[in-house]
Every structure is written in structure tokens, then in C-alpha cells.
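Student: Build me a model:
(chains A and B)
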There are 2 protein chains.
Amino acid sequence: MNMFPPGAIAVIFVNRRTGADEAGYQAAAAAMEAEAVRQPGYLGIHSVRAADGEGITISYWTHEEAAARWRAHAGHSKVREQGRADWYDHYHLIVAGIIRDHRWERGAQDR
Amino acid sequence: MNMFPPGAIAVIFVNRRTGADEAGYQAAAAAMEAEAVRQPGYLGIHSVRAADGEGITISYWTHEEAAARWRAHAGHSKVREQGRADWYDHYHLIVAGIIRDHRWERGAQDR
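Tutor: Next comes the predicted model:
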């Protein structure tokens, strides 16, 4: 993922899985990630889940309107409903405006 | 963690562990988390690591100055140096200003 343009948005989704319907959850998560990539203003995603069911997914968008459009996307809304019905024990959604970022890689020049 | 006050900052640290020195890494991570809690302006932390070594840690601060003070903290700086020497394969650090957030919990009223 390249550096973020000015005005870029991070949508942070911190959650814990119930453990129910793992196959359905995995299929929906993969479908949503593939669909997000096709949206205007999509910049990238970081997603990590620990063995205990705790997870953080961060999607990045060029600007707030792009993030809001993805929020209103019909397929995404439907999947969120199923998330509350079946998949998540709790979650915390945080929308934030990116101020700066910095990447480092072993063996590469600091950049 | 309660709702964030206006001006709150999220410091997002996306990283992959080398796998080297797991005991040293775990001890330093625990010590840094305990030290962060004692800093002025600390609001909380979310941290998840997957079995493959990919991790996301997000610390939350009341304002940019509090996050900058933590960045300049001597013990924290030393641990970051060791992180680049031994513990991390790569990382991406993103500083963002929180715009809004929303929590949901199974069985609780939506809030």
C-alpha cells in the first residue's frame, strides 16, 4: 500500500467473533473484501484475527464520501446485519482522518 | 473504552514479526503497554496478533501532543530501535484524528 493522499480516511473495525458459522463468516468476509476493492476511492485494507476471536480490520479510503458510500452499499449493509445477528459478540467502529504515515521494511532504506 | 473526546488521536501500528526473540518481544510489549497506561492523555489500546505473525496495535490519545510525547518517551524510543533490529520484518505506522466512533455489544441496546 502506498502512502495515503491528503484527506484519506481509515475505518477501524475492532471486533470479537462469536465463533458461530465460521464458514459463512469466512465466505462473506472474502466476498466483502473483493467487493470493497471495486469501490471508487478504495485505497487498501489491513486485517488481522487472533486465535481467540479478536480481530481488527482497517479499510482505507480517499475521502469521507468514499467511506460513506461503502457504508451505504447494499451488499455491505446486508452483511453487517448478519454480523450483528450471528457473527460478532461485540464491535467498535472508529472513523478517523489520516494525518501522516510511515512505512519501514527490513533491509530497505528507511522511507 | 468509552467514546472518544473531540480531537482524540489513533496511532495505528500494522506490523509483521520476524519470529525472533519471542520472549524478549513479549516482555517488552507488556512493559510498554503498562508504561503507556501511565502517560498523560492515554485513552486505551486495541491489539491483535494472528498466528502468522501479522499484528495490528492501535493506541488512543486525547490529542496529538499526548501521542507525540509518547513517541518521544525514552523507554519507548529504545524499544522501537530494538523492534527494527530484531522483532519486525516490516511495519506501517499511521496517525489519524478520530472523527466518530460507535460501539455495539450483543444483548445490549444499540448505543
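Student: ranges for the strands of chain A?
Tutor: A:9-17, A:42-49, A:54-61, A:88-105 (DSSP state E).
Student: Turn these into CSV, columns for mean neighbour count.
Tutor: From N, CA and C alone the C-beta is placed, and that goes for glycine too. Below are the strands of chain A laid out as CSV (neighbours: other CB atoms under 10 Å in any protein chain shown):
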stretch, mean neighbour count
strand A:9-17, 21
strand A:42-49, 18
strand A:54-61, 22
strand A:88-105, 18
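Student: Go through those strands and name the closest to chain B.
Tutor: strand A:88-105 (3.6 Å; CB to the nearest CB).
Student: Hey, what's the angle from that closest one to strand B:9-17? Just curious.
Tutor: 70 degrees (axes from the mean of the first three to the mean of the last three CA atoms, to 10 degrees).
Student: Can you tell me what sits against stretch A:97-106?
Tutor: With CB atoms under 8 Å, 6 or more residues apart in numbering or on different chains as the test, stretch A:97-106 has contacts from A:3-4, A:7-10, A:60, A:64, A:110-111, B:9, B:18, B:64, B:84, B:88-97, B:99.
Student: In TSV, list the strands of chain A along with mean pLDDT.
Tutor: Below are the strands of chain A laid out as TSV (pLDDT from 0 to 100):
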stretch	mean pLDDT
strand A:9-17	98
strand A:42-49	96
strand A:54-61	98
strand A:88-105	96
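Student: Reformat those as TSV; add distance to B:Arg71.
Tutor: Formatted as TSV, these follow (distance: least, CB to CB, whole Å):
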stretch	distance to B:Arg71
strand A:9-17	18
strand A:42-49	20
strand A:54-61	20
strand A:88-105	11
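Student: Contacts for stretch A:81-96, please.
Tutor: Applying CB under 8 Å, 6+ apart, the set of residues contacting stretch A:81-96 is A:9-18, A:20-21, A:24-25, A:28, A:53, A:64, A:67, B:1, B:4, B:10, B:46, B:96-106.
Student: again with stretch A:19-31
Tutor: Here stretch A:19-31 makes contact (CB under 8 Å, 6+ apart) with A:17, A:53, A:75, A:79, A:82, A:86-87.
Student: Flag every buried residue along that stretch.
Tutor: For stretch A:19-31, burial by neighbour count (16 or more other CB atoms under 10 Å in any protein chain shown) applies to A:25, A:28-29.
Student: Among those, which ones are in helices?
Tutor: Among the buried residues of stretch A:19-31, DSSP state H puts A:25, A:28-29 in helices.
Student: Stretch A:68-86: end-to-end distance?
Tutor: Stretch A:68-86 has an end-to-end distance of 24 Å (criterion: CA to CA, to the nearest Å).
Student: One more: stretch A:29-43?
Tutor: End-to-end for stretch A:29-43, by CA to CA: 17 Å.
Student: Any idea how far it is from the middle of the chain?
Tutor: 9 Å (CA atoms, centre = their mean, to the nearest Å).
Student: now stretch A:100-111
Tutor: 23 Å.
Student: what does stretch A:24-33 give?
Tutor: The answer for stretch A:24-33 is 12 Å, by CA atoms, centre = their mean.
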